[in-house]
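1. the sequence and its predicted three-dimensional model are supplied below.
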Amino acid sequence: MAIKVKLLKKEISKNRHSLYLDFYPYIPHPVTGKPTRREFLKLYVFNTPKGALDKQHNVNTLAMAEQIRQRRENELNKPEIYTDAEREKLRVKALGEKDFLAYFLELANEKKPSTQHGWLSAYNYLNDFTGGSLKVADLTEKFCNDFKKHLLSTKSSRSETTTLHTNTAAAYFNKFKAALKQLYKDGILQNDLNSKIEPVKELESHREYLTVDEVKSLVKTPCNNPLSKRAALFSIFTGLRFSDASKLVWREIQGSPESGYQIQFIQQKTKGAEVLPIPKNAYQLINEPKQPNDKVFEGLEYSAYQNRHIYQWIGAAGITKKITFHCFRHTFAVWQLLRGTDIYTLMKMMGHRDIKTTLRYAKIVDSTKRTAADVMEIEGILNDYN
């Protein structure tokens, strides 16, 4: 009985349809061997193209999908002319023809908004490097290392004169490696290429923080967005990340004025369950308790609008340091160490999985102490010592 192969669509998010092959009757899955009716192509088309680029994307993608459909139908209906070894070669060859750029973009589109931007940026650099064409079969150790060198030497998309920062290149290359790892897990890539490729070594980044006097100045200085101000100061006094502050709900804040308050929550970044005691001044920054599932900082979202108000507020307070929201968390860590909190306790309070991450703050404190000691270097003061 001849096997019929149809090209069908399944509606997915963002005004798109995912393309897949439908087999009748069932066929063995090429990887697991289990009966299956479907084979998703990791390709998509737009439901309603918004412009010429979207229309061309649909034309190209449908043409590619139809070629795959025809090839699969031919392979399935002429099995008698192939040996097992030949069929395996054909299967591997077919997998090698898959479009890795389309696969990478599909992975990017599945990510949460908080991480999707980084994935899409990595995709853009990969797309530029390959000229818009990259088959799975073209993925070799040499290609991966060449792409790594490209990221370390290319200009930033934000500036024609500035080279992409090493740590940004590291972040993008890590996403490329994650895609390779998933490709291997999906049975499309025949060898674990990701494990053979060394990541980009990150540079030690400067962790800017605020002094007590600078924070006092911020407290006195009005902000055009009071919500951003409250959240920033709350981060200074608790060490909470922006992502955790933005999703914090009232049921996660427990305690009383007598026993003290604490936050019980799941960290957005590490997914670890944390209990974080918070000082009274941090509790003063949040309004009267509302419904258990209401957000404490309702309306707090990461955006250029929010960031602009933060920068303006910092400048109005007379602070010339380059301060981002994450620097408020750095401030909490440095203050804790300067006041004698041991490194392991701080590790727990920051929610770090690795002590090496926390030790970076110890280096800042050591530098601060060195600067303080240098104040006593008074030239000539011991000239008459005997």
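-> On my side now, so go ahead.

2. from now on I want contacts and neighbour counts done on CA atoms only, so please keep to that.
-> Will do.

3. mind checking the backbone torsions on P277?
-> Per-residue torsions, P277: phi -60, psi 140 (degrees, to the nearest 10).

4. so who does it touch?
-> 238, 260-263 (C-alpha atoms under 8 Å, 6 or more residues apart in numbering).

5. likewise P289?
-> W250.

6. give the buried residues for stretch 291-299.
-> 295-297 (16 or more other C-alpha atoms under 10 Å).

7. list just the nearest of the residues you listed to G255.
-> V296 (15.3 Å; C-alpha to C-alpha).

8. related to what we said a few turns ago, and the contacts of P277, which are buried?
-> 238, 261-263.

9. could I get the residues you listed as TSV with secondary structure, distance to K220 and pLDDT?
-> Formatted as TSV, the buried ones among the contacts of P277 follow (DSSP: H, G, I helix; E, B strand; the rest coil; distance: C-alpha to C-alpha, whole Å; pLDDT from 0 to 100):
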residue	secondary structure	distance to K220	pLDDT
T238	helix	19	90
Y261	strand	25	85
Q262	strand	26	87
I263	strand	27	86
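
10. in a markdown table, list these along with distance to Y283.
-> Below are the buried ones among the contacts of P277 laid out as a markdown table (distance: C-alpha to C-alpha, whole Å):
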| residue | distance to Y283 |
| --- | --- |
| T238 | 10 |
| Y261 | 8 |
| Q262 | 9 |
| I263 | 11 |
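
11. can you name the two of the contacts of P277 that are farthest apart?
-> Between any two of the contacts of P277 (C-alpha to C-alpha), the greatest distance is 13.5 Å, for T238 and G260.

12. between those two, which contacts overlap?
-> 277-279.

13. report whether R38 is found in a helix, as I expect.
-> No. Under DSSP: H, G, I helix; E, B strand; the rest coil, R38 falls outside any helix and is assigned strand.

14. name the nearest residue to it, sequence neighbours excluded.
-> What sits nearest to R38 in space, not counting adjacent residues and going by C-alpha to C-alpha, 6 or more residues apart in numbering, is D22, at 4.9 Å.

15. surely the one you found touches L41?
-> No. Between D22 and L41 there is no contact under C-alpha atoms under 8 Å: 10.9 Å.

16. closest to E73 among the shared contacts of T238 and G260?
-> Of the shared contacts of T238 and G260, the one sitting nearest to E73 (C-alpha to C-alpha) turns out to be P277, at 62.6 Å.

17. does anything pack onto the helix or strand encompassing L183? Which helices or strands?
-> Per DSSP states H and E: L183 is located in helix 166-185. Helix 166-185 sits against helix 113-130, helix 141-153, helix 193-196, with contacts defined as 3 or more C-alpha pairs under 8 Å, 6 or more residues apart in numbering; DSSP states H and E.

18. where does V5 land in three-state SS?
-> Assignment for V5 (three-state DSSP): strand.
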